[in-house]
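**Student:** predicted model and sequence follow; I will ask about them next.
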Amino acid sequence: MKKTMLTIAALASCAVSAQVETNKSSTLPPVVVTASPITQEESVAPNGSETVLVSRKQLDALNAQDVQTALRQVPGVSVSRYAPIGSYGGGQGGSVYIRGLGTARPGGEVCMYTDGAPRESGVWGHPLMDSMPVDFADSVKVQKNPHPAEYGGNFGAVDVETKRRREQGHEAEADLVYGRHDTFLFAGSAGVKEGPVDAYGGMSYKYSDGIRDHNRAILKSAFARLGADLSEADHIGFVYQRTDSKVEDPGEKHKPTPKFSRFDLTTDLYTLRFDTERETLKGYSLVFFENGAINWHKDHLDDTKPQSPAGDSDTFWLNWGVRNRYDWNAVAGLWLTGGIDVMDEGGSTRNRRKADGVAVFRAHGRMTTTAPYVGARYDLGLGDDWTLTPSVGTRYQFHTVYDDEWAPHAALKLDWRETAELFVTGMRGVHYPGVYTRAMANDYAKSTLDAEIMDYVAAGTRLKFDESADIVACIYHTDVKDRIDKTAYGYINSGSLRATGIEMSAHYRPIDDVALFGGGTFASPETSHASRLPRWTFTLGGTWRVCKYLSWTLDGQYVGSMNAYSVRGDSDKINPSTGERDLRRIDGALVFNTRLAVPLASFTSLDGELFASVENLTGQRYEYYPGYPMGGAMWYVGCRLKF
């Protein structure tokens, strides 16, 4: 209660300060076009890369506290979470899925990046959401399809671009938020650019008691950037990011509450990146280094696995690598692309029994992937209004443990006056199993385990109706072979996933003060064990600057019923007739969220806003994860100051 009163007092202080600093000028700032809700834009690159961009403005409007809340309403994306903040990393406690991918244990076929540096446990082989804070994000990009030219070694990607001051001068921002379940959020950052040198830094602290008993979470993160312009077209920058989190698992509802199940995670990421944007040469080179540690305290009240009893699982990893890619305009219309990715990952993990501290399971190892890429595209003008762009390319992945694999792609794109686009694309994605997967496979599987392969084809269009409206629609087909899954025989290449889907999204800005977004997906899986792939999903959102004193955002999403794997307790049982894990059903739900914001600049000399937001406005009963209900409406009140 004392913490709650102090937080409310701090929020009140922000409001009083804003009112005292009365703006003596009656002149309002220039009219700004209201930002689109949900996403900023959808695009298809000439090489067939289908991407969605969520900018800082959408993150603020969504009150996004993590990657899941930032992306949960993007068409084609689904998430799992069961608390206001924090992603219990042990067993899919928080995840992002793209068109049903990212669900097979361990789930690394959807990869996460920070400024292009891959983020995953070098042992478990999958991303951990709490290592990806959005507090310092300038934007979040979703790569919906596998594309060897952009991100090798996966079937889809999420890339968080951190803040960088690009103009001369300085800026700063501070957020202070209080919400239901004693949820307290603080984030602050500041940036400066003087001459060619730029710098940025920030920190955040988040705390919540959670929705249920034993659901507490504490998240801390820090960020620092130092960069310099080497010329008008060239920039080099060093980024450091640290995360430190402790998140409890409340357990499945109607089952015993865990006594000490908690996931402690720390990571340190170091990235050095060079970017160039010349007229005839564009691209980047980066070197990254990450070390991380997990201390997973486990009850495991509902299983009797001899290798995973009540106790502690300690994991340490160290990843490093190099990534680069450059586009060279060799002659008029012809672009040649080349690059190479090198990823070395690995570490160790062990399970210690709580009763006597004896280690009952150990795994360790390192793996290296070296993946050169070459590609080309040609912009062929067809008269004054039409441009036809064919592109081809391939990445070849050399692996130190598994068989080498090709990952080719091809695309054809037709543009008309930058107003209408038609595209067709085909490509292959390759994802290798990690250290833990190999360690948990039996002897037979170790000799046969290999990469997962995804073949993907899509066709679609993008129409732009002046600056006020645009529509993107596509139809796609995925075919995943040799999917790694957990069976009664260990981890083997036993799975498959074939699905056909249709996606559509639209932005509409009828006037400067109103922005609307709508999106929908239909997915038809051809395999019976598709997880996290709802048949129907619809999203609607709108932002309205009601007057100079008030902005209102309202969004809603319907997600149809779907199946989902759960890797906890008896929900991890094996179907004896198929040798596969059983799927659990998640019922469909319609959830609305809203946010009211009062711009401080409308009546003070300060920049920023006071706001109140509510997730699940109507208090619907729903869940993202089997056995973990979301617990009704979640409200927040807060203050954001900008300098």
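**Tutor:** Cool, got the structure. Numbering: from 1, shown residues only.

**Student:** can you show me the CA trace of the helix or strand hosting residue 113 as PDB?
**Tutor:** Using DSSP states H and E, residue 113 maps to strand 110-114. The C-alpha trace of strand 110-114 is given here as PDB (Å, rounded to 0.1, in the frame of the first residue of the first chain):
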ATOM      1  CA  VAL A 110      11.000 -17.200 -35.400                       C
ATOM      2  CA  CYS A 111      14.100 -15.300 -34.500                       C
ATOM      3  CA  MET A 112      14.400 -12.000 -32.500                       C
ATOM      4  CA  TYR A 113      16.900  -9.300 -33.300                       C
ATOM      5  CA  THR A 114      18.100  -6.000 -31.700                       C
END
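
**Student:** can you give me the helices for the protein?
**Tutor:** In the chain, the segments counted as helices under DSSP state H are 2-20, 56-61, 67-71, 435-440, 443-448.

**Student:** low-confidence bits of the chain, can you list those?
**Tutor:** 1-33, 90-92, 103-107, 301-308, 442-445, 486-490, 566-582 (pLDDT under 70).

**Student:** start to end distance for stretch 427-438?
**Tutor:** 27 Å (Cα to Cα, to the nearest Å).

**Student:** and that stretch, how far out from the chain's middle?
**Tutor:** Offset of stretch 427-438 from its chain centre (Cα atoms, centre = their mean, to the nearest Å): 19 Å.

**Student:** just stretch 248-265 next, same as before
**Tutor:** Distance, stretch centre to chain centre, for stretch 248-265: 24 Å (Cα atoms, centre = their mean).

**Student:** that one: end-to-end distance?
**Tutor:** 12 Å.

**Student:** same check, this time on stretch 102-113
**Tutor:** 15 Å.

**Student:** elements contacting the strand holding residue 113?
**Tutor:** For strand 110-114, the packing partners by 3 or more Cβ pairs under 8 Å, 6 or more residues apart in numbering; DSSP states H and E come out as strand 95-98, strand 117-119, strand 156-162. To be clear about C-beta, it is placed using only N, CA and C from the backbone, and glycine gets the same treatment.

**Student:** remind me what the longest one packs against, helices and strands.
**Tutor:** If you count contacts as 3+ Cβ pairs under 8 Å, 6+ apart, strand 156-162 packs onto helix 67-71, strand 110-114, strand 137-143.

**Student:** one more time with 6 Å
**Tutor:** strand 110-114, strand 137-143 (3 or more Cβ pairs under 6 Å, 6 or more residues apart in numbering; DSSP states H and E).

**Student:** which among those strands is found nearest to residue 259?
**Tutor:** Nearest to residue 259, of all the helices and strands packed on strand 156-162, is strand 110-114, at 31.1 Å by Cβ to Cβ.

**Student:** the closest one pairs with which strands, parallel or anti?
**Tutor:** Strand 110-114 sits in its sheet next to strand 117-119 (antiparallel), strand 156-162 (parallel), going by DSSP bridges.

**Student:** tell me who's in contact with the residue lying closest to residue 366 once chain neighbours are set aside.
**Tutor:** Setting aside the residues directly before and after it, residue 366 is nearest to residue 346 in space (Cβ to Cβ, 6 or more residues apart in numbering), at 3.1 Å. Counting by Cβ atoms under 6 Å, 6 or more residues apart in numbering, residue 346 touches 122, 365, 366, 435.

**Student:** may I ask which two of these are separated the most?
**Tutor:** Farthest pair in the contacts of residue 346 (Cβ to Cβ) is 122 and 365. Separation: 9.4 Å.

**Student:** when those two are compared, which one has more neighbours?
**Tutor:** Shown here are residue 122 and residue 365; by other Cβ atoms under 10 Å, residue 122 has more neighbours (27 against 16).

**Student:** quick one: the more buried one and residue 345 touch, right?
**Tutor:** Yes: Residue 122 is in contact with residue 345 according to Cβ atoms under 6 Å; the separation is 3.7 Å.

**Student:** shared neighbours, these two?
**Tutor:** By Cβ under 6 Å, 6+ apart, residue 122 and residue 345 have these common neighbours: residue 319.

**Student:** distance of the residue nearest to residue 366 from residue 40?
**Tutor:** 37 Å (Cβ to Cβ, to the nearest Å).

**Student:** please apply the same query to residue 621.
**Tutor:** 32 Å.

**Student:** again, but for residue 234
**Tutor:** Relative to residue 40, residue 234 is positioned 26 Å away (Cβ to Cβ).

**Student:** these two: which is more packed in?
**Tutor:** residue 40 (20 against 14).

**Student:** torsion angles phi and psi at the more buried one?
**Tutor:** Note on residue 40: backbone dihedrals following degrees, to the nearest 10 are phi -90, psi -50.

**Student:** residues in contact with it?
**Tutor:** Neighbouring residues of residue 40 by Cβ under 6 Å, 6+ apart: 53, 55, 58.

**Student:** residues near residue 261, how many?
**Tutor:** With neighbours defined by other Cβ under 10 Å, the count for residue 261 comes to 22.

**Student:** show me what contacts it?
**Tutor:** 249, 298, 299.

**Student:** list the beta-bridge partners for the second one.
**Tutor:** Pointing back at residue 298 there. residue 311.

**Student:** now the strands for the stretch 451-600 of the chain?
**Tutor:** 452-465, 469-487, 490-511, 514-525, 536-547, 550-559, 562-564, 574-575, 580-581, 584-586, 589-599 (DSSP state E, counting those that start in this stretch).

**Student:** figure out how far the longest one is from the centre of its chain.
**Tutor:** Same thing as strand 490-511. 15 Å.

**Student:** just the last one next, same as before
**Tutor:** Counting by Cα atoms, centre = their mean, strand 589-599 is centred 21 Å from the centre of its parent chain.

**Student:** got the angle between it and strand 550-559?
**Tutor:** Angle between the axes of strand 589-599 and strand 550-559 is 170 degrees (criterion: axes from the mean of the first three to the mean of the last three Cα atoms, to 10 degrees).

**Student:** need the contact partners of strand 589-599.
**Tutor:** In contact with strand 589-599 (Cβ under 6 Å, 6+ apart) are residues 549-558, 609-618, 620, 622.

**Student:** of these, select the buried ones using a ChimeraX command.
**Tutor:** Command for ChimeraX that selects the buried part of these, burial taken from 16 or more other Cβ atoms under 10 Å:
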select :551,553,554,555,556,557,609,610,611,613,614,615,616,617,622
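
**Student:** give the full set of residues in contact with residue 376.
**Tutor:** When contacts are counted by Cβ under 6 Å, 6+ apart, residue 376 touches residue 336.

**Student:** before we move on, back to that, among the strands paired with strand 110-114, which is nearest residue 100?
**Tutor:** Of all these, strand 156-162 comes closest under Cβ to Cβ, at 10.2 Å.

**Student:** only alpha carbons, please: show the closest one as PDB.
**Tutor:** Below are the C-alpha coordinates for strand 156-162, written out as PDB (Å, rounded to 0.1, in the frame of the first residue of the first chain):
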ATOM      1  CA  GLY A 156      10.300 -15.200 -39.800                       C
ATOM      2  CA  ALA A 157      11.800 -12.500 -37.600                       C
ATOM      3  CA  VAL A 158      11.200  -9.600 -35.300                       C
ATOM      4  CA  ASP A 159      13.800  -6.800 -35.200                       C
ATOM      5  CA  VAL A 160      13.800  -4.000 -32.600                       C
ATOM      6  CA  GLU A 161      15.600  -0.900 -33.800                       C
ATOM      7  CA  THR A 162      16.800   1.200 -30.800                       C
END
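
**Student:** distance of the closest residue to residue 300 other than its chain neighbours relative to residue 360?
**Tutor:** For residue 300, ignoring the flanking residues on the chain, the nearest one in space by Cβ to Cβ, 6+ apart is residue 310 at 5.6 Å. Taking Cβ to Cβ as the measure, residue 310 falls 11 Å from residue 360.

**Student:** what does residue 114 give?
**Tutor:** Counting by Cβ to Cβ, the gap from residue 114 to residue 360 is 34 Å.

**Student:** picking up where we left off before, which other residues reach the strand holding residue 113?
**Tutor:** For strand 110-114, the surrounding residues in contact (Cβ under 6 Å, 6+ apart) are 98, 101-102, 118-119, 127, 132, 154, 156-160.
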